[in-house]
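*Asks:* A structural model of the following input is requested.
(2 chains)
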Amino acid sequence: MKIPARHRAGITILEPKGKITIGVGDVALREAVHEALEAGSTKILINLKDVSTIDSSGIGELVSAYTSVTNRGGALRLLHLPPKVQDILQITQLVTVFEVLDDEEEAVATFED
Amino acid sequence: MMKSEPRVHVEVESRLENVELVQIAVESSLAQLDLSDDDAHQIGISIREAVANAIKHGNQGDVSKLVKVEMGIDDGDLLIRVHDQGVGFDVNGVPNPLEPENLLRRNGRGILLMHQFMDQIEYTFQPESGTVVEMRKELAVLRSNSAKQQEEEKQ
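*Replies:* Purely as a prediction, here's the structure:
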């Protein structure tokens, strides 16, 4: 499974679908972020609107992506969290780490700051 | 063994792709219980985490070792047991993922999610047979069915 990516105002927007779980979407997410970084993009927005399930492995990949991007002086933000993903980010207290947005226009604007 | 017959009994080799296989088997059985979407999601995640731990940490990815999952109803609760054939691991030795210094670690959140989503979790380790993780969840739909059944038995 390859995660679709599009580009807007110098931002790479990744749009995973379905599961981000161990052995299913976790590796695809890692590869998509790695590919974006290799291509020189350090502004990454992950649109989680169509993600149905995330487990600890998927959460681990989000954290790892966040660390990789910020270590390169970039920014990684999350867009459109479904309630189940929001719930897991609350439990793991990662809502305090990630900047989460509900509107793509607004999200894109935050990268311009 | 469970007091009631397990509704599901799955045995898989210790390959991470089998986490998904177990999930599919369990989900199709849970679908018969008319659970809320949230309960089904929480149970699914807990089983997924327990099986992934059994494969990675219990059996340490040794494909010759099996992971066995049993799921059934016990005293009106959903009871799930995940068995591995490993040498055991210290659950208390897993760093607390909520400590500020651990928040950005890649791993270590599975047990936290299991405890959050299930009502009771017990670990039993036997050197000759591995670790068993027993998870229990109270479900209103099962309690109500169990009460009805007891009422019918009285009549």
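
*Asks:* who in chain A is up against chain B?
*Replies:* Residues of chain A lying close to chain B by CB under 8 Å from any CB of the partner chain are A:21-24, A:53, A:55-57, A:59-61, A:63-64, A:66-67, A:84, A:88, A:91-94, A:96-97. Where you see a C-beta, it was placed from the backbone N, CA and C, and this is true even at glycine.

*Asks:* how about 6 Å then?
*Replies:* For chain A, the residues found near chain B under the criterion CB under 6 Å from any CB of the partner chain are A:22-24, A:55-56, A:59-60, A:63-64, A:67, A:84, A:91-93.

*Asks:* mind giving me the ChimeraX select for those residues, buried ones only?
*Replies:* Selection of buried members from the residues of chain A next to chain B for ChimeraX, criterion 16 or more other CB atoms under 10 Å in any protein chain shown:
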select /A:22,23,24,55,56,59,60,63,64,84,91,92
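
*Asks:* which SS class is the most centrally placed residue in chain B?
*Replies:* Closest to where the C-alpha atoms of chain B average out (CA atoms, centre = their mean) is B:Ile47, at 3.9 Å. Using DSSP: H, G, I helix; E, B strand; the rest coil, the structure places B:Ile47 in helix.

*Asks:* show me the residue at the heart of chain A, geometrically.
*Replies:* Chain A, centroid-nearest residue using CA atoms, centre = their mean: A:Ile46 at 3.3 Å.

*Asks:* was I right about it contacting A:Leu14?
*Replies:* Yes: the pair A:Ile46 / A:Leu14 is scored as a contact, 4.8 Å apart, by CB atoms under 6 Å.

*Asks:* which helices and strands sit right next to the longest helix belonging to chain A?
*Replies:* Using DSSP state H, we find that the single longest helix of chain A is helix A:56-71. If you count contacts as 3 or more CB pairs under 6 Å, 6 or more residues apart in numbering or on different chains; DSSP states H and E, helix A:56-71 packs onto helix A:26-38, strand A:75-79.

*Asks:* need the winner for burial among those.
*Replies:* Comparing the helices and strands packed on helix A:56-71 by mean neighbour count (mean count of other CB atoms under 10 Å in any protein chain shown), strand A:75-79 ranks first with a mean of 20.

*Asks:* where does pLDDT dip in chain B?
*Replies:* B:1-6, B:146-147 (pLDDT under 70).

*Asks:* which bits of chain B sit near chain A?
*Replies:* Near chain A, when you scan chain B using CB under 6 Å from any CB, you find B:16-17, B:19-20, B:41, B:45, B:48-49, B:52, B:98, B:104, B:106-107, B:109-110, B:113, B:116.

*Asks:* repeat the analysis, applying 7 Å as the threshold.
*Replies:* When proximity is defined as CB under 7 Å from any CB of the partner chain, chain B approaches chain A at B:16-17, B:19-20, B:41, B:45, B:48-49, B:52, B:97-98, B:103-104, B:106-107, B:109-110, B:112-113, B:116.

*Asks:* just the buried ones among those, please.
*Replies:* Here, 16+ other CB under 10 Å leaves B:16, B:19-20, B:41, B:45, B:48-49, B:52, B:97, B:107, B:109-110, B:112-113, B:116 buried among the residues of chain B next to chain A.

*Asks:* now for those residues: which two are most distant?
*Replies:* B:Glu20 and B:Pro97 (23.4 Å; CB to CB).

*Asks:* list the residues that contact residue 102.
*Replies:* You didn't pick a chain, so chain A it is. Shown in contact with A:Asp102 (CB atoms under 7 Å, 6 or more residues apart in numbering or on different chains): A:His80.

*Asks:* um, chain B though
*Replies:* With CB under 7 Å, 6+ apart, B:Asn102 has these contacts: B:95-96, B:108.

*Asks:* again, 10 Å this time
*Replies:* B:94-96, B:108-109 (CB atoms under 10 Å, 6 or more residues apart in numbering or on different chains).

*Asks:* a markdown table for those, including secondary structure?
*Replies:* Shown next, in a markdown table, are those (three-state DSSP):
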| residue | secondary structure |
| --- | --- |
| B:Val94 | coil |
| B:Pro95 | coil |
| B:Asn96 | coil |
| B:Gly108 | coil |
| B:Arg109 | coil |
